[in-house]
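Colleague: what follows is a predicted protein model with its sequence.
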Amino acid sequence: MNEKLLRVGTTYIPVINVEKSYEWYVNKLGAELSYKDEDKAILNFANQSIFLVKSKENQSSNFYDYYGVERFSITFEVNGLTALEEIHKDFIDKEISVGEIENRGHVGRNFVFYDLDGNKFDVWSELSPLFKEKYLITQ
């Protein structure tokens, strides 16, 4: 087999109320709605499709690691510490549930945030080198 996986095209996120959730993602995160029915909404943002899928209560994309720490399944990237600080402030202003900016002992800084259904996401201040190269981002 010479073919290889090239990118993550779609991420599925469980939500209780598709209507409220897609509106939250559009209004708070700037997602673009491309499709909606009673069971799902398809959003475009962060260079991929995000499916919000109607789920039962107490579902989330979060999981617990070996040590019992709740983890996120997605890390979004921004271009540098200033961008991270600005989006952190913007999320606070939009009343999104966010954590503090953290130093996790690696390059860059991070913070977590939550959607309406408690899905936990991460934001990192470092763009991947491949993404920078592909989209000609110099800083």
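Modeller: Yes, it's here. These numbers were taken from a predicted model, which means no experiment stands behind them.

Colleague: and F91, what helix or strand is that in?
Modeller: helix 81-93 (DSSP states H and E).

Colleague: who does that helix touch, helix- and strand-wise?
Modeller: Here helix 81-93 touches strand 97-98, strand 110-114, strand 120-124, going by 3 or more Cβ pairs under 8 Å, 6 or more residues apart in numbering; DSSP states H and E. From N, CA and C alone the C-beta is placed, and that goes for glycine too.

Colleague: and that helix with strand 110-114, angle?
Modeller: Angle of helix 81-93 versus strand 110-114, following axes from the mean of the first three to the mean of the last three Cα atoms, to 10 degrees, is 20 degrees.

Colleague: domains of this structure?
Modeller: The record's domain split for the chain, according to automatic domain parsing, is 7-57, 60-139.

Colleague: tell me the mean pLDDT for the shortest one?
Modeller: Here domain 7-57 scores 96 as its mean pLDDT.

Colleague: where along this structure do the strands fall?
Modeller: Here the chain has its strands, by DSSP state E, at 10-15, 32-36, 40-45, 48-54, 63-64, 70-71, 75-77, 97-98, 110-114, 120-124.
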